[in-house]
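Engineer: pasting the sequence and the predicted model now:
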Amino acid sequence: MKKWGFLLIFAICLGVTAFKIVPLFQGEKVVIVENGIVEGKVSSGNIKKVEIPVEQIYQGNLLLVNSKHPVHNEGIKSDVINLYARKELVKGYRVFNSETYLSEDIESKFSDMVLDAEEDEVSSFFITSGFRGFDEQTKLYKDMGSNRALPAGYSEHNLGLSLDVGSTQGKMEVAPEGKRKWIAENAWKYGFTLRYPEDKTDITGIMNEPWHIRYVGLPHSAIMKEKNFVLEEYLEYLKEQKHISATVNGQKYEVFYYPVTENTTINVPANLRYEVSGNNTDGVIVTVFPDNV
């Protein structure tokens, strides 16, 4: 496995914490005003104001899609590719058939994960399903019924951010990828989260699916793993906290939640990389990255 620094830090800090969540503006006055602007000094330096259109609520890697919150066209990944037709990208895993699709960006991150897994002697990954269009989802829903599938527009597979992972060695419950819980224990390091765990069915409304992983990105996957959150819980946590700081591998990330209405303006760092993702309900999450990430 790649000797990523954060794995070493995680091992050293085991029993204490893999990362910490602390108030973002320690010792500083912070005021959340009505339109979502944070008044205060961003710890990373200078700030600038940017306008967030309402459409941004429905775009990004942190979109909540479930029986109450459908996919919006703006949220569907634009870089979906046919993995069977792009065989040069398929390394360390196999695909189900010639109609297996996935976001190219997400495929790259998944490839990093499965290639690293080979050093743990886990090397039989199999993508059974990736991106599904609305027509395919409708057919699946009709064929499998409401107990095993979701109607078109209400499945994460319609976004392009999720995939079902199997094993060429058999069912996940007996294969190394599942039996040894490699995915459950390691996917967060690559920005993925196990979307439908057994102990959260009352929250997600979906039965346990140890094969279904969803990309949310770092530091979100690390926070969700540490706090045992599913996406519903994590997004609610961000709304309550408004701002958190998470340190992963010694690198400090800052995460903000802003409610969004018409013509909402927010503050972002002027000299650091940041990403804005909607939550698919009522606001956006701004993730500020360390200057060397």
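Structural biologist: Perfect, thanks for sending it.

Engineer: which residue is nearest the centroid of the chain?
Structural biologist: With distances taken as CA atoms, centre = their mean, the residue of the chain nearest its centroid is residue 216 (1.2 Å).

Engineer: what about residue 208, distance to residue 201?
Structural biologist: Residue 208 sits 6 Å away from residue 201, going by CB to CB, to the nearest Å. (Glycine included, C-beta is placed from N, CA and C.)

Engineer: just the strands in the stretch 1-150 of the chain please.
Structural biologist: With DSSP state E, counting those that start in this stretch, the ranges of strands along the stretch 1-150 of the chain come out as 21-22, 31-32, 38-39, 47-52, 80-82, 93-95, 101-103, 125-129.

Engineer: quick one, strands of the stretch 151-293 of the chain?
Structural biologist: Using DSSP E, counting those that start in this stretch, strands in the stretch 151-293 of the chain cover 162-167, 192-196, 209-215, 243-248, 251-259, 264-269, 274-278, 283-288.

Engineer: so what touches the fifth one?
Structural biologist: This means strand 251-259. 24, 36, 38, 42-44, 52, 218-220, 223, 238-239, 241-247, 264, 266, 279, 282-290, 292-293 (CB atoms under 8 Å, 6 or more residues apart in numbering).

Engineer: what does the second one give?
Structural biologist: Contacts with strand 192-196, where a contact means CB under 8 Å, 6+ apart, come from 109-110, 113, 156, 162, 183-184, 187, 204, 206-210, 212-216, 220-221, 224-225, 230-231.

Engineer: who are the contact partners of the residue nearest to the centre of the chain?
Structural biologist: With contacts defined as CB under 8 Å, 6+ apart, residue 216 is in contact with 61, 62, 161, 191, 192, 193, 224, 231.

Engineer: which single one of these is nearest to residue 121?
Structural biologist: Ranked by distance to residue 121 (CB to CB), the contacts of residue 216 are led by residue 192 at 20.2 Å.

Engineer: so what pLDDT did that closest one get?
Structural biologist: Looking at residue 192, its pLDDT is 97.
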